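Q: heads up, no residue letters with this:
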């Protein structure tokens, strides 16, 4: 009988250990799906963007060619996790100086040092800069309005640091691609 009781104890310990291992694997933490080293026309390091993305099974990046013209006045890059947009970078070309950010007023935006004017609000950041000033009524200028946002960031405390950094990189990319002058903001 003693031998049998010892065997039951060994089996019980094995069952408890096996159950613990099964519990660990079912609660295994999901990660952000693997992305290319650089995304969005090589503007961003995927490691910077993935730091504000939620975990998931699959990633899809919608990255349109960077071409701003009179016909194509906006270009976006979207990062989808499991079919839902979780990061967006957008630039729009305007013919007039200034931008209307009044739609962000309810989000209580804070000024940031990006472009000629920049703001951050919880899950997004925008910047504005002049690429080419207007030379008269028949010669509209080039005014750039840039925007980056994140949805469902696992650690929202990173957003006030990461989003302005990404926006700054985006401004530098657009200035370089469009050959904007030195007055085009930082």
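A: Done, it's in. Keep in mind that this is a model prediction, so the values were computed, not measured.
Q: Every contact and neighbour count from this point should use C-alpha atoms.
A: Noted.
Q: ok, for residue 118, nearest residue in space, not its chain neighbours?
A: Distances taken as C-alpha to C-alpha, 6 or more residues apart in numbering place residue 127 nearest to residue 118, at 4.1 Å, with adjacent residues excluded.
Q: tell me which residues form a beta bridge with the one you found?
A: For residue 127, the beta-bridge partners are residue 118, residue 146 (DSSP bridges).
Q: Tell me if I'm right that it and residue 110 touch.
A: No - using C-alpha atoms under 8 Å, residue 127 is not in contact with residue 110; the gap is 11.8 Å.
Q: Can you work out which residues contact both of those two?
A: Common contacts of residue 127 and residue 110 (C-alpha atoms under 8 Å, 6 or more residues apart in numbering): residue 119.
Q: who's more crowded, these two?
A: The residue with more neighbours, out of residue 127 and residue 110, is residue 127; 28 against 13, by other C-alpha atoms under 10 Å.
Q: what sits against the more buried one?
A: Taking C-alpha under 8 Å, 6+ apart as the contact definition, residue 127 lies against 114-119, 145-147, 167, 171.
Q: same thing but 6 Å
A: 115, 117-118, 145-146 (C-alpha atoms under 6 Å, 6 or more residues apart in numbering).
Q: and if you look at residue 38?
A: 44-46.
Q: between those, which is closest to residue 34?
A: Set against residue 34, the nearest of the contacts of residue 38 by C-alpha to C-alpha is residue 46 (8.9 Å).
Q: which of the contacts of residue 127 has the most neighbours?
A: For these, neighbours tallied by other C-alpha under 10 Å; top is residue 146, 25 neighbours.
Q: Tell me which residues touch it, please.
A: Residue 146 touches 90-91, 126-127, counting by C-alpha under 6 Å, 6+ apart.
Q: Chain neighbours aside, what residue packs nearest to residue 82?
A: Nearest-residue entry for residue 82: residue 58, 5.3 Å, with adjacent residues in sequence omitted and distances by C-alpha to C-alpha, 6+ apart.
Q: so how far is residue 77 from the one you found?
A: Distance of residue 58 to residue 77, computed by C-alpha to C-alpha, to the nearest Å: 17 Å.
Q: Looking at these two, which is more packed in?
A: Taking neighbours as other C-alpha under 10 Å, residue 58 and residue 77 compare with residue 77 leading, 20 against 13.
Q: So which bits of the biggest strand by length in the chain are buried?
A: Ordering each strand of the chain by length in residues (DSSP state E) puts strand 84-94 first. By neighbour count on 16 or more other C-alpha atoms under 10 Å, the buried set for strand 84-94 is 85-94.
Q: try stretch 43-52
A: For stretch 43-52, burial by neighbour count (16+ other C-alpha under 10 Å) applies to 43-46, 49-50, 52.
Q: Let me know the average pLDDT across it.
A: Averaged across stretch 43-52, pLDDT comes to 95.
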